[in-house]
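>>> below are the sequence and a predicted model for it; my questions follow.
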Amino acid sequence: MRAMNKARIRALVGILGVMALGTALASCRRDGGTFDLVVKGGRIVDGSGNPWYKGDVGIRDGRIAAVAPVIDERAAAVVLRAEGLVVAPGFIDIHTHADRGLVETPSADNYISQGVTTVIGGNCGDHEYPLEKFYSEIARGGISMNLGMLAGHNTIRNAVMGFKMAPPSREDMERMKVLLEGEMRAGALGLSTGLAYLPGVYSGTEEIVELASAVAPYGGLYASHIRNQGEKITEAVEEAIAVGEANGIPVEVSHVKLAEEAVWNDPGRITGPVEEARARGVEVYLDQYPYTATSSGFTSSFPQDVFEGGRDKFLQRMTDPSTRRRARDWIIGRRLRSERGIDKLKAIYVASCRQNPEYEGKNLEQILALKGLAPSPGNGADLIISIVESGDASAVFFQMDEADVATLMRLPYLMIGSDGAIQVAGKGFPHPRSYGTFTRVLGRYAREEGVLGLADAVRKMTSLPAQVLRLEGRGAVKEGMWADITVFDPGTVIDTATFEAPHQYSRGIVAVLVNGVTVYSDGRWTGRLPGKILKGRGRSS
């Protein structure tokens, strides 16, 4: 009886296979013959969060033309064999600063090598302005991956008010709205703020609420680098929610983290206000990079009033002994003191410093030793002041707890975003997130530690950001979608970039397709530039 059942099962499977093959071939004929490319035999993780299934993906004219159990490879101009590999939507990096170097490095190797097919720039309140000009430069040279942009509040405020520490006048606000509306009509996907950075730190909630009203008619979202990621993080999250709720637009809290020792292991400070807002019907999301270190300039380590009026005013103020002493004490208290005995001089290192390249890759203690100075908090603060006086630097700050990274990552409304930028191999010591964010989540957090299931990890990188950004035709493996596809080995995919050696490409990414064109294969960029500019609903063309 058992043998007979097995025989019947084999026969039934054979019949179903023939039926599926016939259906696929019929589909090919109806749709006009051959496919440009067929991805054969992979485990399709379609981006929805559903478990993988085995199948083939047929691509024609840049789009997914068929997803079927079997597509006859005779119907394909090119076959990409994916047996034992995962076929997923291309990863959408919802939080980057890639717009800063994309014109000069259109290959974007550090992104496509980790499976990213779309990046969103203009985050943290800063964007390439004006967008029309920037888009023209991108279109002229081409890019390997797709690009969407937010319009930055800091950029717009600076254009109208400079580094003025005051609320905008009615005239200032109207001018800012006009500039923002122009960027939304150019195709911006929404408004971003950097409320811990200059000059956004000088703005109040009312200013942001009113300015964001210019986004609502164009279907945009509000993305915020919030004011505080420590003891006042709840209030900062609530402020972001208030902006979105007042204007009826989605809210994205950028690179969410508990970044002060006093609030480690207390995720309710974030989830409480978010989930209360979602229960009220406010669309609130978070994004995160999977590391315990941040990266930014040193200016956020100062009392922000010292920068009012711009750099010349700052330099003048720092000649006053009392102001300098106040800044020094502020830096020691806010940046160099630890409640848990962490040596902050070792936990902060310089990533890039144009005026002092010998500092790059060294922590503050090592730089002090280079200068023949003792490793004290006072000397560390004096060093930071001197760095900013001479032009600032990009630095990496270890200030999060690993347990919090994992806890936040599990939240269903959280997406993965690198907060990275375009990198040139061998230049400086950037945060490794620019090279390894997505493969780190897949390899370490999903496969090795089980923080996420594979399907949910992919969802956080694909369909969820596409949903938040209202990107039509992106973020899923299904018929009719644009063929942004990443093929990877689930058993070997991993990041290799480290803080000590950040310019290291990921392992396990087999192939990356953007709009149906292979941009990454055999461990290298193919030289193709098929990326598109993804514009919001307000686009005028």
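Cool, the structure landed.
>>> check which helix or strand Val119 maps to.
For Val119, the element it lies in under DSSP states H and E is strand 116-121.
>>> flag every buried residue along that strand.
For strand 116-121, the buried set under the neighbour-count rule, 16 or more other C-beta atoms under 10 Å, comprises Val116, Thr117, Thr118, Val119, Ile120, Gly121. The way it works is simple: take the backbone N, C-alpha and C, and place the C-beta from them, glycine included.
>>> same for that strand, what does it pack against?
For strand 116-121, the helices and strands in contact under the criterion 3 or more C-beta pairs under 8 Å, 6 or more residues apart in numbering; DSSP states H and E are strand 91-93, strand 146-149, strand 509-514.
>>> quick check: angle from it to strand 509-514?
Regarding strand 116-121 and strand 509-514, their directions subtend 60 degrees when assessed with axes from the mean of the first three to the mean of the last three C-alpha atoms, to 10 degrees.
>>> follow-up on the earlier one: tell me the one of the buried residues of strand 116-121 nearest Asp456?
Minimum separation from Asp456 among the buried residues of strand 116-121 (C-beta to C-beta) is found for Val116, which lies at 18.3 Å.
>>> pLDDT value on the closest one, please?
Val116 carries a pLDDT score of 98 in this model.
>>> save the helices and strands packed on strand 116-121 as JSON lines, and put in mean neighbour count and distance to Ala403 too.
Putting the helices and strands packed on strand 116-121 into JSON lines (neighbours: other C-beta atoms under 10 Å; distance: least, C-beta to C-beta, whole Å) gives the following:
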{"stretch": "strand 91-93", "mean neighbour count": "32", "distance to Ala403": "25"}
{"stretch": "strand 146-149", "mean neighbour count": "26", "distance to Ala403": "33"}
{"stretch": "strand 509-514", "mean neighbour count": "25", "distance to Ala403": "28"}
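>>> distance to Leu286 and mean pLDDT added to the ones you listed, as TSV?
Rendered in TSV, the data for the helices and strands packed on strand 116-121 read as follows (distance: least, C-beta to C-beta, whole Å; pLDDT from 0 to 100):
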stretch	distance to Leu286	mean pLDDT
strand 91-93	15	99
strand 146-149	18	98
strand 509-514	25	98
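>>> out of these, which gets nearest to Leu85?
For the helices and strands packed on strand 116-121, proximity to Leu85 was assessed by C-beta to C-beta; strand 509-514 is nearest, at 5.8 Å.
>>> so what strands line up beside the closest one?
Taking DSSP bridges as the criterion, strand 509-514 sits next to strand 485-488 (antiparallel), strand 517-521 (antiparallel) in its sheet.
>>> ends of stretch 397-410, what's the gap?
By C-alpha to C-alpha, to the nearest Å, the extent of stretch 397-410 from end to end equals 24 Å.
>>> residues of that stretch that come out buried?
Of the residues in stretch 397-410, those buried (16+ other C-beta under 10 Å) are Phe397, Phe398, Gln399, Met400, Asp401, Asp404, Val405, Thr407, Leu408, Met409.
>>> quick one: residues in contact with the one helix or strand Thr294 maps to.
Per DSSP H and E: Thr294 is located in strand 293-297. Outside strand 293-297, the residues within contact range by C-beta atoms under 8 Å, 6 or more residues apart in numbering are 197, 255, 257, 259, 351, 388, 392-400, 419, 430-431, 433, 499.
>>> can you do 10 Å?
Under the criterion C-beta atoms under 10 Å, 6 or more residues apart in numbering, residues 124, 194, 196-198, 225, 229, 255, 257, 259, 289, 300, 347-349, 351-352, 387-388, 391-400, 419-421, 430-434, 499 lie in contact with strand 293-297.
>>> show me these that map onto strands.
Gly194, His225, Ile348, Tyr349, Ala351, Ser352, Ser394, Ala395, Val396, Phe397, Phe398 (DSSP state E).
>>> got a quick ChimeraX command for the buried subset of those?
The command below creates a ChimeraX selection of those among those that count as buried (16+ other C-beta under 10 Å):
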select :194,225,348,349,351,352,394,395,396,397,398
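>>> number of residues surrounding the nearest residue to Gly182 once chain neighbours are set aside?
Leaving aside its chain neighbours, Gly182 sits nearest to Pro130 (7.1 Å; criterion: C-beta to C-beta, 6 or more residues apart in numbering). Residue crowding around Pro130 was assessed by other C-beta atoms under 10 Å; the count is 16.
>>> quick one: pLDDT of Pro130?
pLDDT for Pro130: 98.
>>> ok, it to Gly152 distance?
As defined by C-beta to C-beta, to the nearest Å, Pro130 lies at a distance of 12 Å from Gly152.
>>> quickly list what's touching both of those two.
Shared contacts of Pro130 and Gly152, defined by C-beta under 10 Å, 6+ apart, are found at Glu183.
>>> can you give me the helices in the stretch 151-300 of the chain?
Defined through DSSP state H, counting those that start in this stretch, the helices belonging to the stretch 151-300 of the chain, from first to last, are 153-161, 170-186, 205-212, 233-247, 268-280.
>>> would you format these as JSON lines with mean neighbour count and mean pLDDT included?
Converted to JSON lines, these look like this (neighbours: other C-beta atoms under 10 Å; pLDDT from 0 to 100):
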{"stretch": "helix 153-161", "mean neighbour count": "22", "mean pLDDT": "98"}
{"stretch": "helix 170-186", "mean neighbour count": "18", "mean pLDDT": "98"}
{"stretch": "helix 205-212", "mean neighbour count": "19", "mean pLDDT": "98"}
{"stretch": "helix 233-247", "mean neighbour count": "21", "mean pLDDT": "98"}
{"stretch": "helix 268-280", "mean neighbour count": "16", "mean pLDDT": "98"}
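>>> closest to Leu471 out of these?
Among the helices of the stretch 151-300 of the chain, helix 170-186 comes nearest to Leu471, with 15.9 Å by C-beta to C-beta.
>>> Ile384 - nearest residue in space that isn't next to it in sequence?
Residue nearest to Ile384 in three dimensions, not counting chain neighbours: Phe298, with 5.1 Å by C-beta to C-beta, 6+ apart.
>>> burial count for the one you found?
Under the neighbour criterion other C-beta under 10 Å, Phe298 is assigned a count of 21.
>>> quick one: it and Ile387 touch, right?
Yes: using C-beta atoms under 10 Å, Phe298 makes contact with Ile387 at a distance of 5.8 Å.
>>> circling back to that earlier point, dump the ones in strands among the contacts of strand 293-297 to a markdown table, plus pLDDT and distance to Ala425.
Formatted as a markdown table, the entries for the ones in strands among the contacts of strand 293-297 read as follows, by pLDDT from 0 to 100; distance: C-beta to C-beta, whole Å:
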| residue | pLDDT | distance to Ala425 |
| --- | --- | --- |
| Gly194 | 98 | 28 |
| His225 | 98 | 28 |
| Ile348 | 97 | 24 |
| Tyr349 | 96 | 19 |
| Ala351 | 96 | 15 |
| Ser352 | 94 | 14 |
| Ser394 | 94 | 17 |
| Ala395 | 96 | 21 |
| Val396 | 97 | 18 |
| Phe397 | 97 | 24 |
| Phe398 | 96 | 24 |
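>>> out of the ones in strands among the contacts of strand 293-297, flag the one nearest to Phe438.
Proximity of those to Phe438, judged by C-beta to C-beta, is greatest for Val396, which lies at 19.4 Å.
>>> if we can go back for a sec, deepest of the strands paired with strand 509-514, which one?
Mean neighbour counts were compared across the strands paired with strand 509-514 using mean count of other C-beta atoms under 10 Å; the top stretch is strand 485-488, at a mean of 28.
>>> how far off centre is it?
On the basis of C-alpha atoms, centre = their mean, to the nearest Å, strand 485-488 is displaced by 18 Å from the centre of the chain it belongs to.
>>> ok, now stretch 252-263?
Its chain's C-alpha centre lies 15 Å from the corresponding centre of stretch 252-263 when counted by C-alpha atoms, centre = their mean.
>>> so which of the buried residues of stretch 397-410 belong to helices?
Asp404, Val405, Thr407, Leu408, Met409 (DSSP state H).
>>> what does the pLDDT read for the closest residue to the last one other than its chain neighbours?
Sequence neighbours aside, Val451 is the residue nearest to Met409 in space, at 5.6 Å (criterion: C-beta to C-beta, 6+ apart). At Val451 the predicted local confidence, pLDDT, stands at 98.
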